[in-house]
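**Q** Any chance you can model this:
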Amino acid sequence: MNVDTRRTRFERLAPEVIDAVRRYLARRTDPATADDVLSETLLVCWRRLDEIPEEHLPWAYGVARNCLANAERGYRRQFRLLSRLARLDPPPSQTVDGPEQTVDGPETEDDDLTQAMKELTVKDAEILRLWAWEDLPPAQIATVMGITANAASIRLHRAKQKLRDALEKNRKNGDRAGHEQPTERRRS
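**A** Next up is the predicted model:
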């Protein structure tokens, strides 16, 4: 494929990939990391343009997922190094005047759901996010996760059940006023 053809193909698929991957990353990390990972994802897409399948979006999600995992590993290594340096040569104590800042992040509308998602494994939570947030069917989830379509379908079914169970458990334990207990399970 010559350079002009490559460029034309990349320019045709890039806008769709950029918007979708930007939303994908915004739900999973902070804005600065999302921008860095988006750039890395686009670079991989350019380098491997000949390998991109017709259904390019699930493939791009898979690339973004791997790039995000690499970035998170890098941050963890950096944090461990800074922790070791701080123990060996602690910084001088400083006081900062000003308003307290919280690092909690935005409040969610459904604390039960947030808590239930935290109780799932990383893989189960990611499969549910791909299904619910990115609106991907099991076959495309399989592409993102690097598994077979059948495995994705089975894992999605199990992850939904685990989420239901966690929600039920949390609601029974919390029994907050104003929340009704479901009388029957919904089938999905």
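**Q** Distance-wise, check the residue nearest in space to the middle of the chain relative to Ile127.
**A** Among the residues of the chain, Arg28 comes closest to the average C-alpha position under C-alpha atoms, centre = their mean, at 3.9 Å. From Arg28 over to Ile127 the distance is 13 Å, taken as C-beta to C-beta, to the nearest Å. Placement of C-beta: from N, CA and C, glycine included.
**Q** neighbouring contacts of stretch 121-129?
**A** When contacts are taken as C-beta atoms under 8 Å, 6 or more residues apart in numbering, the neighbours of stretch 121-129 outside the stretch itself are 27-28, 65, 117, 120, 141, 145, 152, 155-156, 158-160, 162-163.
**Q** repeat that for 7 Å
**A** Counting contacts by C-beta atoms under 7 Å, 6 or more residues apart in numbering, the residues outside stretch 121-129 that touch it are 27, 117, 141, 145, 155-156, 159, 162-163.
**Q** what do you get for stretch 43-51?
**A** Where contact means C-beta under 7 Å, 6+ apart, the residues beyond stretch 43-51 that reach it are 1, 6, 9-10, 17, 52, 60, 63, 67.
**Q** Repeat that for stretch 136-151.
**A** Contact with stretch 136-151 is made by 55, 58-59, 61-62, 65, 127, 130-131, 152-153, 156, as judged by C-beta under 7 Å, 6+ apart.
**Q** now do 10 Å
**A** Outside stretch 136-151, the residues that touch it by C-beta atoms under 10 Å, 6 or more residues apart in numbering are 24, 53, 55-66, 123, 126-131, 134, 152-157.
**Q** swap in stretch 63-82?
**A** 17, 20-22, 24-25, 28-29, 33-34, 36-45, 48, 52, 56, 122, 126, 130, 144-146.
**Q** quick one: average confidence on it?
**A** Average pLDDT, stretch 63-82: 90.
**Q** Could you pick out which of the contacts of stretch 136-151 are located in helices?
**A** 24, 56-66, 123, 126-131, 152-157 (DSSP state H).
**Q** Can you select the buried ones from those in ChimeraX?
**A** One line in ChimeraX is enough to select the buried ones among these; burial here means 16 or more other C-beta atoms under 10 Å:
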select :24,56,57,58,59,60,61,62,63,64,65,66,126,127,128,129,130,131,152,153,155,156
